[in-house]
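Novice: Pasting a predicted model and its sequence here:
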Protein chains: 2
Amino acid sequence: MRFAERLADIVGPANVLTSPADSAPYLTDWRRQYSSQALCVVKPASTAEVASVVRACAAEGVAVVPQGGNTGLCGGSVPSGLGREIVLSLARMNRIREIDVLNQTMTVEAGCVLSAVRQAASDAGRLFPLSLAAEGSCQLGGNLSTNAGGVNVLRYGMAREQVLGIEVVLPDARVWNGLRGLRKDNTGYDLKQLFLGAEGTLGVITAAVLRLHPMPTATTTAWIGLDAASRAVELLALLGESVGDRLSAFELISRDCLQAVLEKSPNSHDPLPAPHPWYVLAEFCDGGDDASLVARVEEALSRCVEGSVLQDAVLAQSRAQARALWAIRELIPEAQFTGVKHDISVPISKIAEFIELVGAELRLRFPQAKPYVFGHVGDGNLHYNVGPPGLLAEREAVNAIVYEIVAKLGGSISAEHGLGQLKREEILLRKDPLELELMANLKRVFDPRQIMNPGKVLSAKLFQK
Amino acid sequence: MRFAERLADIVGPANVLTSPADSAPYLTDWRRQYSSQALCVVKPASTAEVASVVRACAAEGVAVVPQGGNTGLCGGSVPSGLGREIVLSLARMNRIREIDVLNQTMTVEAGCVLSAVRQAASDAGRLFPLSLAAEGSCQLGGNLSTNAGGVNVLRYGMAREQVLGIEVVLPDARVWNGLRGLRKDNTGYDLKQLFLGAEGTLGVITAAVLRLHPMPTATTTAWIGLDAASRAVELLALLGESVGDRLSAFELISRDCLQAVLEKSPNSHDPLPAPHPWYVLAEFCDGGDDASLVARVEEALSRCVEGSVLQDAVLAQSRAQARALWAIRELIPEAQFTGVKHDISVPISKIAEFIELVGAELRLRFPQAKPYVFGHVGDGNLHYNVGPPGLLAEREAVNAIVYEIVAKLGGSISAEHGLGQLKREEILLRKDPLELELMANLKRVFDPRQIMNPGKVLSAKLFQK
């Protein structure tokens, strides 16, 4: 236990976990698909401590697995079992270092829980727009390292677009302080972009300067029934033209998803009197008061009724009703937790074609297959899940069907969840070899000894030349 | 002339310029501060031709200087004179390859003139928001390679944020086709970010998939008089709270700038009855009709009058009046063309402090100095120019004053114009050595033989270790 003791000298003995009971929550991922051992779990409290821990690991050739809230869905935040590893938990680095209201920025540490970041911004009268189901436990460092998406991407962009500057501990333990709060800075390569979305394979993000927005004062939520998935894309374009950026979320939900929620959650109910094959949950926000926003949205929606783009729609009449509509969306993943899951994207204009092609191919090959289709249509991102649970045995074949059609339509096999361990090998088949080669070259430059989160993102095959 | 002949075999003899008269416009930058010789100017018409030209150059160790509209302000697009170079003009690669209205994207080649890109988007009922003074001649490839800014950054972001995918010819002549039209794609490192803003030093951007927006249908323009520069930052925050993203441009203009325009342009006149020490030119846009936008803006502005944040304001009553207000802003650079110019950024909250500190220091050292202050305050970006022309002899000393205060306030010495040749050495003093080292490492990986736009961005000193 000599190595753990040396780390204890850096962070204090209470912050090095070695017993199986203490370590367990850090060694298995949220969906319990990946689990492996680590020498210990280390919980530094400052950037300097992170650097010291990384230095000690680099000297011993021990790998570092950075971990935030450990809510990732691709096994990126737990040990891979490929060698001697420690889990580096950023949880204790949870300070809001600064809020600059006039600059519309805040500087926060990687271990801040996302909901706390949002709350701190809100307390200062500003919006930090990144919002996703795990926000009560995921941490900002993980959000940035996975370039998280969520429900506000349509309006505000991915995690990457919320960042003006970062602080990173490099694999050689040097600290790069890139905590600039500037909207414009064209003084060379934009290095922060490399670390954002790199899933901890190039360094450890320890803090960031985040961009804030004016807090919308009016919000309204609509539940809309459609007769075809293609209508959702038409509706998106029409609403974009009439309400512009007031449209902040635009979620597609199939009847089967709604049905699954209604069956599993006795408190939920169908928002519309008659069933429809497809639904959109749309949220609109703006400055000013609710009434003028609602008037504008109602006018836009009624024009869509006239054009038969939508069949029926209801606007939430209270915050409670809006929450109930969102609850349906949020309960979908749990309501069909055990299918074959996908997190894909295609150009928005190809969404309907994707659903049609994959559905047809699945029916042909697996008559028992039942697709549960939902997701962020405004971003071209679907969570295309396939039941029943028995189909898990055919996961590879189902994946192949989905990914072939994704490729044909110019899409991505991981829209917002990343590669982690889950898609590390699959991406070798799906990405231009030249691009994979450039990625491997970057890894070699930044982390020549491959101590940063090994076994994630980059297959070992990329280095066997 | 053997080498030029070989290039002529690739692009056709008419597209290789060797005579001094033909080549001259490509060898000197727009401000006529940089001029150097090249073996020839080559004008390929396709990505394949670009790749063949780069291959021929790589084989001979000839450097490639990619050039768009040659409107850059830092000498990044003309030869540096450091060795054998060709100018690679992208001007013939000017096709709009595709517009996908439902995906809100367009795929365009690097040589498209920015105004043509904007027009093509507009013809399809969509907005491509990048807009800057040179848009009638600058080309998209140059805009992306310099991560151009302009007047709509506040609302829509820099050039980088307009890009979903790019196609690049690498220094080894391989073509990376990253032309994906996806808003979400988390499958590894986001390689496109490296080439955006790299000023052609890592490869040649030949095409891009651009993000489009709904076309605003209502616009209104305000000219606002203020009693202090700090008021502009207060006003920005207040307007953000009341009109949100309807604020699309927010330009600060000092009285001296207005005065210079009034003196040089007999057709211009002071928009307000009484003089004010500072002005803001603000533009608001939205869907819907002008009347409701104007009502909202008037209400927001009158609240600012009550709080004494602004002294006086006028809204343009017609498109012609709005154009006249913008003409004042656009005439400023010409009206004091010969001063010591800066393109700096600081956190928005430090704008007033910056103006005060630099002004005081300049008055102390150079009593004759006259600052002309204008710029994109909403982005923290000032064009801080100092007259009279005689002060050009003291350029180094003036720069030192400005850049020291930029550093003190956590700012950048090049907000939107890039480094090019102009700031290649200065940045060595202003940037963290670790960051410079990482930049040099990236250059080594992507362009080990340094054939891509040598002498730009990266000082040779970075490679002398």
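Specialist: Right, received. Where do you want to start? In this text the structure is predicted, and so the values were computed from the model without any measurement. Numbering: from 1, shown residues only, chains lettered A, B, ... in the order given.
Novice: Do me a favour and average the pLDDT over stretch A:400-408.
Specialist: The average pLDDT for stretch A:400-408 rounds to 97.
Novice: go on, stretch A:429-444?
Specialist: Mean pLDDT, computed over stretch A:429-444, is 97.
Novice: swap in stretch A:134-153?
Specialist: Per-residue pLDDT over stretch A:134-153 has a mean of 96.
Novice: Can you tell me the element the residue nearest to residue A:343 when sequence neighbours are not counted falls in?
Specialist: Once flanking residues are discounted, residue A:343 sits nearest to residue A:417: 4.5 Å by Cβ to Cβ, 6 or more residues apart in numbering or on different chains. C-beta: built from backbone N, CA, C; applies to glycine. Using DSSP states H and E, residue A:417 falls within no helix or strand.
Novice: residues contacting residue A:417?
Specialist: Residue A:417 is in contact with A:72-74, A:146, A:343, B:186, counting by Cβ atoms under 8 Å, 6 or more residues apart in numbering or on different chains.
Novice: low-confidence ranges in the stretch 251-400 of chain A?
Specialist: A:337 (pLDDT under 70).
Novice: Which of the three states applies to the one residue in it that gets nearest to chain B?
Specialist: Residue of the stretch 251-400 of chain A nearest chain B, by Cβ to the nearest Cβ: residue A:349 (3.7 Å). Of the three states, residue A:349 takes helix according to DSSP: H, G, I helix; E, B strand; the rest coil.
Novice: Could you measure from it over to residue A:151?
Specialist: When distance is defined by Cβ to Cβ, to the nearest Å, residue A:349 is 21 Å away from residue A:151.
Novice: between those two, which one's more packed in?
Specialist: Set side by side, residue A:349 and residue A:151 show more neighbours around residue A:151, with 25 against 19, by other Cβ atoms under 10 Å in any protein chain shown.
Novice: element containing the spatially closest residue to the more buried one that is not a sequence neighbour, please.
Specialist: Counting by Cβ to Cβ, 6+ apart, residue A:151 lies nearest to residue A:249, which is 4.7 Å off, once chain neighbours are set aside. Assigned by DSSP H and E, residue A:249 belongs to strand A:247-254.
Novice: could you pull out the helices for the stretch 351-465 of chain A?
Specialist: Taking DSSP state H, counting those that start in this stretch as the criterion, the stretch 351-465 of chain A contains helices spanning A:351-365, A:395-408, A:426-430, A:433-446.
Novice: Tabulate those in JSON lines, adding columns for distance to chain B and mean neighbour count.
Specialist: Below are these laid out as JSON lines (distance: least, Cβ to the nearest Cβ, whole Å; neighbours: other Cβ atoms under 10 Å in any protein chain shown):
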{"stretch": "helix A:351-365", "distance to chain B": "9", "mean neighbour count": "18"}
{"stretch": "helix A:395-408", "distance to chain B": "10", "mean neighbour count": "18"}
{"stretch": "helix A:426-430", "distance to chain B": "6", "mean neighbour count": "17"}
{"stretch": "helix A:433-446", "distance to chain B": "5", "mean neighbour count": "18"}
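Novice: Need the residue closest to the centroid of chain A.
Specialist: Centroid check for chain A by Cα atoms, centre = their mean gives residue A:148 as the closest residue, at 3.2 Å.
Novice: Name every strand pairing with the strand holding residue A:249 and say which way it goes.
Specialist: Applying DSSP bridges to the sheet, strand A:247-254 is found paired with strand A:278-286 (antiparallel), strand A:370-376 (antiparallel).
Novice: Show me what counts as buried in the shortest one.
Specialist: By neighbour count, and taking 16 or more other Cβ atoms under 10 Å in any protein chain shown as the criterion, the buried residues in strand A:370-376 are A:371-376.
Novice: got the angle between that strand and helix A:351-365?
Specialist: Angle between the axes of strand A:370-376 and helix A:351-365 is 160 degrees (criterion: axes from the mean of the first three to the mean of the last three Cα atoms, to 10 degrees).
Novice: The first one too?
Specialist: Comparing the axes of strand A:278-286 and helix A:351-365 via the same axes, to 10 degrees yields an angle of 150 degrees.
Novice: Next secondary structure element downstream of strand A:278-286?
Specialist: helix A:290-306.
Novice: Chain B contacts on the stretch 1-150 of chain A?
Specialist: Contact residues, the stretch 1-150 of chain A versus chain B (Cβ under 8 Å from any Cβ of the partner chain): A:100-105, A:125, A:146-147, A:149.
Novice: So how do I select the buried members of those in PyMOL?
Specialist: Those of the residues of the stretch 1-150 of chain A next to chain B that count as buried under 16+ other Cβ under 10 Å are selected in PyMOL with:
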select buried, chain A and resi 100+102+103+104+105+146+147+149
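Novice: Given the helix or strand containing residue A:108, what are its sheet partners and their directions?
Specialist: Using DSSP H and E, residue A:108 sits within strand A:105-109. Paired neighbours of strand A:105-109 in the sheet (DSSP bridges): strand A:96-100 (antiparallel), strand A:204-211 (antiparallel).
Novice: tell me the SS of the residue nearest to residue A:448 when sequence neighbours are not counted?
Specialist: Nearest non-adjacent residue to residue A:448, counting by Cβ to Cβ, 6+ apart: residue A:171, 8.0 Å away. Following three-state DSSP, the label given to residue A:171 is coil.
Novice: What distance do you get for residue A:171 to chain B?
Specialist: Counting by Cβ to the nearest Cβ, to the nearest Å, the gap from residue A:171 to chain B is 12 Å.
Novice: Surely that residue is in contact with residue A:202?
Specialist: Yes: the criterion here is Cβ atoms under 8 Å, and residue A:171 meets it with residue A:202 at 7.4 Å.
Novice: where do the contact lists of those two overlap?
Specialist: Listed contacts common to residue A:171 and residue A:202 are A:446-447, A:452; contacts here mean Cβ under 8 Å, 6+ apart.
Novice: The residue in the stretch 151-300 of chain A positioned nearest to chain B: what's it in contact with?
Specialist: Closest to chain B within the stretch 151-300 of chain A is residue A:193: 3.5 Å, counting by Cβ to the nearest Cβ. Contacts for residue A:193 (Cβ under 8 Å, 6+ apart) come out as A:160, B:190, B:193-194.
Novice: tell me the secondary structure for it?
Specialist: Applying three-state DSSP: residue A:193 is helix.
Novice: Can you tell me how far it is from residue B:362?
Specialist: Distance of residue A:193 to residue B:362, computed by Cβ to Cβ: 36 Å.
Novice: Kindly report the same for residue A:135.
Specialist: Note on residue A:135: its distance to residue B:362, by Cβ to Cβ, is 48 Å.
Novice: do the same with residue A:92
Specialist: Separation of residue A:92 from residue B:362 (Cβ to Cβ): 47 Å.
Novice: what do you get for residue A:28?
Specialist: Per Cβ to Cβ, residue A:28 is found 62 Å from residue B:362.
Novice: how many neighbours does the nearest residue to residue A:46 once chain neighbours are set aside have?
Specialist: Counting by Cβ to Cβ, 6+ apart, residue A:46 lies nearest to residue A:93, which is 6.8 Å off, once chain neighbours are set aside. Neighbour count of residue A:93, defined by other Cβ under 10 Å: 25.
Novice: just residue A:180 next, same as before
Specialist: 20.
Novice: Which strand or helix spans it?
Specialist: Assigned by DSSP H and E, residue A:180 falls within no helix or strand.
Novice: Quickly note the distance from the closest residue to it other than its chain neighbours to residue A:97.
Specialist: Leaving aside its sequence neighbours, residue A:180 sits nearest to residue A:165 (Cβ to Cβ, 6+ apart; 4.1 Å). Residue A:165 sits at a distance of 12 Å from residue A:97 (criterion: Cβ to Cβ).
Novice: Between those two, which is the more surrounded one?
Specialist: A count of neighbours by other Cβ under 10 Å puts residue A:165 above the other of residue A:165 and residue A:97, at 20 against 14.
Novice: I appreciate the help and will end here.
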